[in-house]
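In: need coordinates for the below:
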Amino acid sequence: MFNKNTIVIILLLSISSCGVKTKYLHDIPVEVFKDQTSNMQLTIDLVSYNYRESLLNTEGRISKKDLPDIKKGYFIRSKDDKPFFRLTLNIKNINVLNNKELIIHVFEEQIAELSKKHFEYRDEFSKALLESDKWLSIAGNKEYKKLWKKSGAALKSSVSSSDLAKSLEESFSKFGTILTNKLSFRQYHEDFQNMKGDFVILQYLMSDQDTEKGYENITLKKYGNAWKVVGFSYNLY
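Out: Below you'll find the predicted structure:
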């Protein structure tokens, strides 16, 4: 049976353990554009990028086993709807705790670089989005020969018109009726599947009347002044 001294010790240990901080939050403001709607979309875009390579390129200070303890997301400040890129670090991981400032520096540097690219590339993103919407509209109408002709050379060299039609028909049969495609995020890359150039990846959420069914990724490559679709994928939830 516990005596009074034992109960006091247990209570003290419980209070002490409740006070242990296990997560560290760091918010990075995103304020490249004048309007908050554009900054909010940019924040979502920034969260979608994979920062794995940059984190591992730290002279061995961050390892693969540390990555699950480094989370990214976003936070919207209620008083002014200002968006922030939010880092959540599990500081129970001693290596993450010891390299906290390094991890923050990696993200701040990458976010600054990507934000600048998105701002400078804002018109190109709009052009790529317009071309993607046209491509998806043709696909939705099942005009597959027209769709193949409208696609970029990289896609046409890898798949025939009939195979493109077959692939899309198989995808559509799995999803059923899709009533809306809502843009989720945009990414810019200088390489895609061993190809070099200017690439934009767009992800759309696909929904019917009641629920979100999945998402589709559309990859476009810039040919001269024109954007052309060179890759696509569909994924069910």
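In: next one: the residue positioned nearest the centre of the chain from L164, what distance?
Out: The residue lying closest to the centre of the chain (CA atoms, centre = their mean) is S48, at 1.4 Å. Applying CB to CB, to the nearest Å, the value for S48 to L164 is 26 Å. From N, CA and C alone the C-beta is placed, and that goes for glycine too.
In: cool, and K64?
Out: To L164, K64 is 37 Å away according to CB to CB.
In: with S38 instead?
Out: Separation of S38 from L164 (CB to CB): 34 Å.
In: so which of the two has more stuff around it?
Out: The neighbour comparison of S38 against L164 (other CB atoms under 10 Å) goes to L164, with 20 against 15.
In: residues of whatever helix or strand the more buried one lives in that come out buried?
Out: Using DSSP states H and E, L164 maps to helix 161-175. Of the residues in helix 161-175, L164, A165, L168, S171 count as buried by neighbour count, 16 or more other CB atoms under 10 Å.
In: and which of those is nearest E53?
Out: S171 (30.0 Å; CB to CB).
In: quick one: contacts for the closest one?
Out: Contacts for S171 (CB atoms under 8 Å, 6 or more residues apart in numbering) come out as Y234.
In: got the contact list for N93?
Out: D66, D69.
In: meant to ask about N235, not that
Out: Listed by CB under 8 Å, 6+ apart, the contact set of N235 reads G214, Y215, E216, N217.
In: closest to L205 among those residues?
Out: Y215 (5.4 Å).
In: element containing that closest one?
Out: Take DSSP H and E as the rule and Y215 turns out to sit in strand 212-223.
In: parallel or antiparallel, which strands does that strand pair with?
Out: Using DSSP bridges, strand 212-223 pairs in its sheet with strand 195-207 (antiparallel), strand 226-236 (antiparallel).
In: next, the angle helix 161-175 makes with that strand.
Out: 150 degrees (axes from the mean of the first three to the mean of the last three CA atoms, to 10 degrees).
In: quick check: angle from the following helix or strand past the helix holding L164 to strand 226-236?
Out: Toward the C-terminal end, the helix or strand that comes next after helix 161-175 (DSSP H and E) is strand 180-192. Strand 180-192 runs at 120 degrees relative to strand 226-236, counting by the same axes, to 10 degrees.
In: residues in contact with the residue nearest to the centre of the chain?
Out: S184, F185, Q187, Q203.
In: from those residues, which is closest to F84?
Out: Nearest to F84 among these: F185, at 16.6 Å, using CB to CB.
In: okay, and the beta partners of that closest one?
Out: Q203.
In: distance check, it against L205.
Out: The value you get for F185 to L205, if CB to CB is used, is 10 Å.
In: those two: who's more crowded?
Out: F185 (20 against 16).
In: what's the pLDDT at that one?
Out: For F185, the pLDDT comes out at 97.
In: pull the helix or strand with minimum mean pLDDT from the chain.
Out: Between all helices and strands in the chain, the lowest mean by mean pLDDT, DSSP states H and E belongs to helix 4-18, at a mean of 44.
In: tell me the helix or strand right after that helix.
Out: Taking DSSP H and E, what comes next after helix 4-18 is strand 23-29.
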